[in-house]
Each structure stands twice: as C-alpha cells, then as structure tokens.
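K.L.:
sequence plus predicted model, see below.
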Amino acid sequence: MNPNTVRACAVDSLKDGEMQPVAGTVDPIGIGKAGGEWFAFENNCTHDDFPLTEGVIEDAEIECPLHGARYCLRTGKVRAVPATCSIRVYPVHVVGGDVFIELPT
Ligand code: FES
C-alpha cells in the first residue's frame, strides 16, 4: 500500500450490495461491496454531480439513481448514458477487519 492509504470502513460494516460515502477524504469517495468484492470509486456522477452511493451497486457496476447512468467499477468507464465521462476508481485492500483505499500519491 502506498503512503496515501486511508481506512474506509470495517469489513463488517457493509453487506453485499451496500455502499456508503468515505469520511474524511478531500474528494468525494464511495466504498461498496458487490459479489463479495470491494470497490472504491469517485462518489460523484459525472452527468450532473449526484452521489453515486445513493444508487445501486451490482455485478461490478454502479447505477446513478438520478438518470440511470452506469459505470464499470473496475475501470470507471461509462457503461450507460447519459453520463459520458468516466469516474475515478481506486485500489482497495482488506487488512484484518478493515478496508483501505489507496489514493493517488
Ligand atoms: S446525475 Fe447521474 S445520471 Fe444524471
């Protein structure tokens, strides 16, 4: 892990299919779990600035609840319009009972 790693949450704080904003980061970041996998992502829909943690996470994709844009949580690329710009995604590490996010250095 790089020195710019932050603790996102406890492993047992989210069930599969759940997400939440990460507290204390400069940029808005969300953490979520789907299919037993953890994902960290820019918590802001690029279509009209809406928090993606209010949407749905499923099969390594996230859907914005406002107008239905979808993003791949592995690459950040748009999978469904109306968004046209990618979101940032971040490496996630599970260490013991905690989930950590690697931010850019
Ligand atoms: S704000 Fe997310 S699809 Fe429009």
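P.N.:
The structure has been received and is ready for your questions.

K.L.:
please make it C-alpha for all contacts and neighbour counts, starting now.
P.N.:
Fine.

K.L.:
show me which residues of this structure sit near the ligand.
P.N.:
Residues of the chain lying close to the ligand (CA under 6 Å from any ligand atom) are 45, 47-50, 64, 66-69, 82-83.

K.L.:
same thing but at 5 Å, please
P.N.:
By CA under 5 Å from any ligand atom, the residues of the chain that approach the ligand are 45, 47-48, 50, 64, 67-69.

K.L.:
as CSV, those residues with distance to residue 88 would be great.
P.N.:
Shown next, in CSV, are the residues of the chain next to the ligand (distance: CA to CA, whole Å):
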residue, distance to residue 88
45, 10
47, 14
48, 16
50, 14
64, 15
67, 19
68, 18
69, 15
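
K.L.:
and the buried ones among those, selectable in ChimeraX?
P.N.:
Those of these that count as buried under 16 or more other CA atoms under 10 Å are selected in ChimeraX with:
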select :45,47,50,64,68,69
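
K.L.:
how many neighbours does residue 53 have?
P.N.:
Around residue 53 sit 25 other residues, with neighbours defined as other CA atoms under 10 Å.

K.L.:
does it really touch residue 17, like I thought?
P.N.:
No: checked against CA atoms under 8 Å, the pair residue 53 and residue 17 is beyond contact range at 10.7 Å.

K.L.:
give me the common contacts of the two.
P.N.:
residue 32 (CA atoms under 8 Å, 6 or more residues apart in numbering).

K.L.:
quick one: pLDDT of residue 104?
P.N.:
Residue 104 carries a pLDDT value of 89.

K.L.:
nearest spatial neighbour of it, chain-adjacent residues omitted?
P.N.:
residue 4 (6.8 Å; CA to CA, 6 or more residues apart in numbering).

K.L.:
which ones are touching the one you found?
P.N.:
Contacts of residue 4 (CA under 8 Å, 6+ apart): 102-105.
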